[in-house]
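In: whatever this is, show me its structure:
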Amino acid sequence: MGHSHGHDHGHNHTHGANKKTLMISFIIITAYMIVEAIGGIITNSLALLSDAGHMLSDAISLGIALLAFTLGAKAANHRKTYGYKRFEILAAVLNGITLILVALYIFYEAIERFQNPPEVASTGMLTIASIGLLVNLIVAWIMMRGGDVEENLNMRGAYLHVISDMLGSVGAIIAALLIIFFGWGWADPLASVIVAALVLRSGYYVTKSGLHVLMEGTPQNVDVDNVIQIIKTKKGIQNVHDLHIWSITSGLNALSCHAVVDDKMTVAESEQLLRQIEHDLLHENIHHMTIQLETSAHLHDNSILCNAEAESAGHHHHH
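Out: Alright, predicted model coming up:
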């Protein structure tokens with residue numbers, strides 16, 4: 001006998017808020033990125049251009065995130081039983097890789113500029129960078145208030161972009177001041193290198209988290225030992241095996257396992273048992289579970305909890 005349950009309402013509520021937040025942020029960032037890119041070309045500042053490049057990656061990431069939310073909300077069908085929820089994670093990975101490439105390109109450009117620092121129109125650079133900082137502060141504030149930047153990997157990726165962008169603007173402001181007051185031409189490429197390092201870091205983390213989900217890794221916010229304990233300590237449960245916990249998309253974790261129960265357990269009792277387990281696992285951040293109950297007669301004598309070590313050693317149960 002099997003049973004499964006899904007909890008999606010909380011997911012959908014934050015979903016709408018996330019989408020609206022992303023839309024507003026996307027429009028503001030895209031508009032300013034164009035300003036900054038033109039400004040970077042006119043003032044000949046690599047710090048501004050790298051910040052604009054960063055904002056471009058921001059705009060792309062917000063665009064992808066928006067698209068992902070829109071697609072992710074599409075209903076599940078027979079061909080895609082989980083709907084398009086995974087698209088969000090693919091978007092996050094793509095986003096992370098783009099960031100890494102942008103960073104490497106900025107490093108490459110900066111090396112050239114350290115060797116022969118060009119003339120930079122520093123006052124223009126200062127003005128544009130200052131407005132950039134303001135724009136980023138506004139967008140970060142909108143995201144903090146309206147979106148779920150803690151749990152949702154997609155939103156978090158977009159938010160991290162904006163934060164590191166903000167630091168990029170600070171870098172450009174400092175560089176402009178150094179050029180104005182001390183005539184230090186190298187401050188411009190230096191600021192761009194610092195921005196690139198930030199871009200690289202956020203790119204690395206977003207890619208890593210996204211790949212973890214794609215590899216069906218155990219979600220960060222789930223304690224496997226706790227989950228096993230909760231199931232095993234229930235009255236009537238003798239053993240648990242073939243346990244798998246994974247994420248479908250951010251904030252939507254799934255579990256499947258086999259639980260061995262008392263031979264004498266009635267259908268009504270087992271229903272009751274499943275409800276209890278479901279209720280308790282919700283508090284462990286498991287939103288969707290499928291638990292197969294079976295009697296000990298169903299198993300061979302060597303029934304053990306199929307945990308990761310046993311699996312990797314190649315012991316598989318055949319039923």
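
In: alpha carbons only for contacts and neighbour counts from here, please
Out: Noted.

In: which SSE is residue 248 in?
Out: Assigned by DSSP states H and E, residue 248 belongs to strand 237-249.

In: can you tell me the strand partners of that strand and which way each runs?
Out: Counting by DSSP bridges, the strands paired with strand 237-249 are strand 252-261 (antiparallel).

In: and the strand it pairs with, what's buried?
Out: Across strand 252-261, burial judged by 16 or more other CA atoms under 10 Å covers 252-261.

In: low-confidence regions, the protein specifically.
Out: Along the chain, segments meeting pLDDT under 70 span 1-15, 151, 153-154, 298-319.

In: redo that, cut-off 50
Out: Low-confidence segments of the chain (pLDDT under 50): 1, 3-10, 301-319.

In: all helices for this structure, in order.
Out: Ranges of helices in the chain, per DSSP state H, are 9-43, 46-72, 87-115, 122-146, 153-182, 187-214, 224-232, 267-282, 308-312.

In: with respect to residue 248, which of those lies nearest?
Out: helix 187-214 (7.5 Å; CA to CA).

In: quick one: buried residues of that closest one?
Out: 187-204, 206-214.

In: closest to residue 19 out of the buried residues of strand 252-261?
Out: Proximity of these to residue 19 was ranked by CA to CA; the top entry is residue 252 with 17.0 Å.

In: got phi/psi on the closest residue to that closest one other than its chain neighbours?
Out: Nearest residue to residue 252 in three dimensions, chain neighbours excluded: residue 287, at 6.0 Å (CA to CA, 6 or more residues apart in numbering). Torsion angles at residue 287 (phi, psi; degrees, to the nearest 10) stand at phi -100, psi -20.

In: one step back: buried residues of the strand holding residue 248, list them for me.
Out: 237, 239-249.

In: next: stretch 57-73.
Out: 57-72.

In: now it: how far from the chain's centre is it?
Out: 12 Å (CA atoms, centre = their mean, to the nearest Å).

In: name the residues that touch that stretch?
Out: Applying CA atoms under 8 Å, 6 or more residues apart in numbering, the contact partners of stretch 57-73 are 15, 19, 22-23, 25-26, 29-30, 83-88, 91-92, 95, 98-99, 102, 154-155, 157-158, 161-162.

In: could you export it as CSV, CA atoms only?
Out: Extracted in CSV, the C-alpha atoms of stretch 57-73 (Å, rounded to 0.1, in the frame of the first residue of the first chain):
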residue,chain,number,x,y,z
SER,A,57,24.3,39.5,-16.1
ASP,A,58,21.9,40.8,-13.4
ALA,A,59,19.3,41.6,-16.0
ILE,A,60,19.8,38.3,-17.7
SER,A,61,19.5,36.5,-14.4
LEU,A,62,16.4,38.3,-13.5
GLY,A,63,15.0,37.7,-16.9
ILE,A,64,15.8,34.0,-16.7
ALA,A,65,14.4,33.8,-13.2
LEU,A,66,11.2,35.5,-14.4
LEU,A,67,10.9,33.1,-17.3
ALA,A,68,11.5,30.2,-14.9
PHE,A,69,8.8,31.3,-12.5
THR,A,70,6.4,31.7,-15.5
LEU,A,71,7.3,28.3,-16.9
GLY,A,72,7.6,26.7,-13.4
ALA,A,73,4.0,27.6,-12.7
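
In: ok, the residue of the chain most remote from its centre to residue 239 distance?
Out: Distance to the chain centre peaks in the chain at residue 264, reaching 45.6 Å (criterion: CA atoms, centre = their mean). According to CA to CA, to the nearest Å, residue 264 stands 15 Å off from residue 239.

In: what do you get for residue 98?
Out: Residue 98 sits 46 Å away from residue 239, going by CA to CA.

In: next one: residue 24 relative to residue 31, how far apart?
Out: Note on residue 24: its distance to residue 31, by CA to CA, is 11 Å.

In: kind regards, and thank you for your time.
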